[in-house]
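A.B. asks: here is my input; please provide its structure:
(2 chains)
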Amino acid sequence: MGDERTDIRGGGTGSVDASPRLSEADAEALEAFFDAGCDVERVPASIRPRVVRVAGLLGLLEAGPAGGAARRVEGVLRRLGEAGASELSLDDAEALDAWVLAGFDASRVPAALRERATAHEALASLVREAPTRRVSAFERAALVERTMGRIAEARESGADVMRGRTARNRMADVLSVAAVMLIGASVLWPVMTGVREGAREAACASNLRAVARAMGAYTGDHDQVLPMVTAGFGSGTWWNVGRDPERSNSANLYAVARQRYASLAELACPGNPSAITAPRSPEARDWGNLDELSYSYRVMARPERELWGQPSALVVVADRSPVVVRAVRGQVVYPLESSPNHRGRGQHGLMADGTAEWLESPALASGDNIWLPKPIEVMLDVASRRRGIEPISGTEAPAGRQDSFVGP
Amino acid sequence: VTPEKARSLDPRTDEKLVEAYRRGEAEAFRTLVERYHDDLLRFLTRLSGDRQVAEDAFQDAFLQVHLSLGSFDTGRRFRPWLFTIAANKARDLLRKRGRRQTLELSAPMGSSGGDGSEGGGAFIDLLEVEVAPPDAGLLEEERDAMVQRALDRLSDPLREILLLAYFQRLSYAQVAEELGIPLGTVKSRLHAAVASFAKRWAEVTEEHRRRRAPRSVGGREESSS
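C.D. replies: Residues are numbered from 1 along each chain as shown, chains lettered A, B, ... in the order given. Next comes the predicted model:
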């Protein structure tokens, strides 16, 4: 086997039918050409002259109208068979066919080929069974939820599989809807949506418990200082999420994931359909934009020491702030609006004492509004009847250590 | 028993679930999404080499499935249909992101490694390919990354056919039907894909061994002294 080799530089195309073997250099050139997506320019300069010849030969072999690169590869592979492009030995090729024929079960392959079929099986299991990074139950649930969320959106927008259903079915839909209305939509609808929302809230609460553990570990490793990687915002903006990590408060929270105290999946609320659970790139220092961000984090003018772990109802992390989302877009804000993560029903807050709580309103029992710094809250109180007030410009800082204020 | 657990125990075939969903049983679709989460995500991660692309393609694929279910013939198998849709979605996403295949052509081509395994020509002999990790201390993540590196060195068409075959376990005829390409092409392309992957894997393990070698020599000296 392999005793009759053809060097493309010397051989003619007529020898293809005689099942020649390509010379090693030509076979390498051919493979490099395929690997380069059949683009000669992307092949290393040292072997380019040979690749150009190989490419020329491929052009000759290609019958019919000139096709794209992929078609050309197919055509050539078909013609060359195992002669050039494939480097499987004949025995391995035969074993591969037998293994596929046996339903990918090496034990059902004829004995003579079984050893090689087992080698194929091992190679395949290397690809199939090696875990592509461990997926936690929460990451799993989050992806399923996001997928189902998109299906629900498609349904709501009318782009629905049910378009293909018969008129009779559609009439049944109408009747069931009418029945629901008669029975009392106010009873059934919350029950149906509540089940799903309940699961999201539970996953979100669990996320914050993981963040609490991460904060404990982080402050333990950093002299009791809460995560802060920005230099401090001074009087500058802190809501440039994804555009300027030095001017983005979320970059401080992102550091928790970047330094592997928590995963991005644990910083992704299932109630946020745009949340990401893996870094956009290994170099990323922040979420890509405000939509991807699920949680708001304490805005800090400077590193704050010994806040974490204190018996305090100070909110350090919460479901994302609707005030920031609206203010960034130049919309009117509603200080008592709850986070969009949970359809405005409320939000989870992670307190400085490490407990995660469900807050029905952003205003705490103390009257402190977690979306706003104290001075603005006071101003709002005073000027609550005035119109056109701009309560937040993305440059504020908490009034002190007792002022809960998170963003973005 | 949690609802998720109950769904994972649902004895119905994929095709039956599709029928149930068409009849209006919304939870049947969720069962399908959960049933395929691990396998499809692994397939897409392998195909794209990017977890985020894989997750996006996963969602796009199921959205497409939802939109196209009306035309799905339940006499056909659901799994290959889903995987083919998913592969298309991953390809679209990669194209949109302008991903150019990361080629590591400067990597050693095997025959220059001097181990003699490929010295006789361009043929790969699978029995000489070390599938087991090159050293016992290899971490799962490390091995995982090595597999991905080997896959990333394949051209897109070869990687796709390899993964479709490995993950779907379809006969040549079925792959030909799903991809709409001639049977002979499927066969020769899969042969080429397996050979290329085996070769790339051998390269990657060899590189790994070379990187590790100085450290293990030092360790041996230490223990012998």
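
A.B. asks: close to chain B, is the helix or strand containing A:Arg140?
C.D. replies: Assigned by DSSP states H and E, A:Arg140 belongs to helix A:137-156. Yes - looking at helix A:137-156 against chain B by Cβ under 8 Å from any Cβ of the partner chain, the contacts come from A:140-141, A:143-144, A:146-148, A:150-151, A:154. (Glycine included, C-beta is placed from N, CA and C.)

A.B. asks: drop anything exposed from those.
C.D. replies: A:140-141, A:143-144, A:146-148, A:150-151, A:154 (16 or more other Cβ atoms under 10 Å in any protein chain shown).

A.B. asks: mind naming the longest helix for the chain?
C.D. replies: You didn't say which chain, so I picked chain A. Determined from DSSP state H, the single longest helix within chain A is helix A:185-221.

A.B. asks: wait, chain B was what I had in mind.
C.D. replies: Looking across chain B with DSSP H, the single longest helix is helix B:183-224.

A.B. asks: contacts only, for the spatially closest residue to A:Pro398 that is not a sequence neighbour.
C.D. replies: Leaving aside its sequence neighbours, A:Pro398 sits nearest to A:Phe405 (Cβ to Cβ, 6 or more residues apart in numbering or on different chains; 4.1 Å). Residues near A:Phe405 by Cβ atoms under 8 Å, 6 or more residues apart in numbering or on different chains: A:298-299, A:370-374, A:396-398.

A.B. asks: rerun that using 7 Å as the cut-off
C.D. replies: A:298-299, A:370, A:372-373, A:398 (Cβ atoms under 7 Å, 6 or more residues apart in numbering or on different chains).

A.B. asks: repeat that for A:Ala251.
C.D. replies: Counting by Cβ under 7 Å, 6+ apart, A:Ala251 has contacts A:229-230, A:245, A:285-286.

A.B. asks: point out where the stretch 51-200 of chain A drops to low pLDDT.
C.D. replies: Within the stretch 51-200 of chain A, the segments meeting pLDDT under 70 span A:53-87, A:130-135, A:158-195.

A.B. asks: need the helix or strand of chain B with the lowest average pLDDT.
C.D. replies: helix B:3-8 (a mean of 69; mean pLDDT, DSSP states H and E).

A.B. asks: quick one: contacts of the helix or strand just after that helix?
C.D. replies: The element immediately downstream of helix B:3-8 (helix or strand, assigned by DSSP H and E) is helix B:14-22. With contacts defined as Cβ under 7 Å, 6+ apart, helix B:14-22 is touched by B:28-29, B:31-32, B:69, B:72, B:74, B:78-79.

A.B. asks: helices - which of these land there?
C.D. replies: Per DSSP H, the subset of those in helices is B:28-29, B:31-32, B:78-79.

A.B. asks: restricted to buried residues, select those residues in PyMOL.
C.D. replies: Per 16+ other Cβ under 10 Å, the buried members of the ones in helices among the contacts of helix B:14-22 correspond to this PyMOL selection:
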select buried, chain B and resi 28+29+31+32+78+79
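
A.B. asks: including pLDDT, could the ones in helices among the contacts of helix B:14-22 go into JSON lines?
C.D. replies: Output for those, formatted as JSON lines (pLDDT from 0 to 100):
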{"residue": "B:Ala28", "pLDDT": "91"}
{"residue": "B:Phe29", "pLDDT": "93"}
{"residue": "B:Thr31", "pLDDT": "92"}
{"residue": "B:Leu32", "pLDDT": "94"}
{"residue": "B:Phe78", "pLDDT": "90"}
{"residue": "B:Arg79", "pLDDT": "89"}
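
A.B. asks: A:Ala102: which of the ones in helices among the contacts of helix B:14-22 is nearest?
C.D. replies: Taking Cβ to Cβ as the measure, A:Ala102 lies nearest B:Arg79 of the ones in helices among the contacts of helix B:14-22, at 18.9 Å.

A.B. asks: who are the contact partners of the closest one?
C.D. replies: Listed by Cβ under 7 Å, 6+ apart, the contact partners of B:Arg79 are B:14, B:168.

A.B. asks: quick check: next helix or strand after the longest helix of chain A?
C.D. replies: helix A:250-258.

A.B. asks: what mean pLDDT does that following helix have?
C.D. replies: For helix A:250-258, the mean pLDDT works out to 94.

A.B. asks: just give the closest residue to A:Arg258, not the sequence neighbours.
C.D. replies: Using Cβ to Cβ, 6+ apart, the closest residue to A:Arg258 is A:Arg285 (6.7 Å).

A.B. asks: any weak-confidence spans in chain B?
C.D. replies: B:1-5, B:98-139, B:213-225.

A.B. asks: ok, now how distant is the residue in it that chain A sits nearest to from B:Phe58?
C.D. replies: Going by Cβ to the nearest Cβ, chain A is nearest to B:Gly70 of chain B, at 2.5 Å. B:Gly70 is 21 Å from B:Phe58, where distance means Cβ to Cβ, to the nearest Å.

A.B. asks: more neighbours, these two?
C.D. replies: B:Phe58 (25 against 13; other Cβ atoms under 10 Å in any protein chain shown).

A.B. asks: CA atoms only for the one helix or strand that one maps to, dumped as CSV, please.
C.D. replies: Using DSSP H and E, B:Phe58 maps to helix B:51-68. Output of helix B:51-68 as CSV, limited to C-alpha atoms (Å, rounded to 0.1, in the frame of the first residue of the first chain):
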residue,chain,number,x,y,z
ARG,B,51,-20.2,28.7,24.3
GLN,B,52,-22.2,31.9,23.7
VAL,B,53,-22.7,31.2,20.0
ALA,B,54,-23.8,27.7,21.1
GLU,B,55,-26.4,29.1,23.5
ASP,B,56,-27.7,31.6,20.9
ALA,B,57,-27.9,28.9,18.3
PHE,B,58,-29.7,26.6,20.7
GLN,B,59,-32.4,29.2,21.2
ASP,B,60,-32.6,30.0,17.5
ALA,B,61,-32.9,26.3,16.6
PHE,B,62,-35.8,25.7,19.0
LEU,B,63,-37.4,28.9,17.8
GLN,B,64,-37.1,27.7,14.2
VAL,B,65,-38.4,24.3,15.3
HIS,B,66,-41.4,26.0,16.8
LEU,B,67,-42.0,28.0,13.7
SER,B,68,-41.6,25.1,11.3
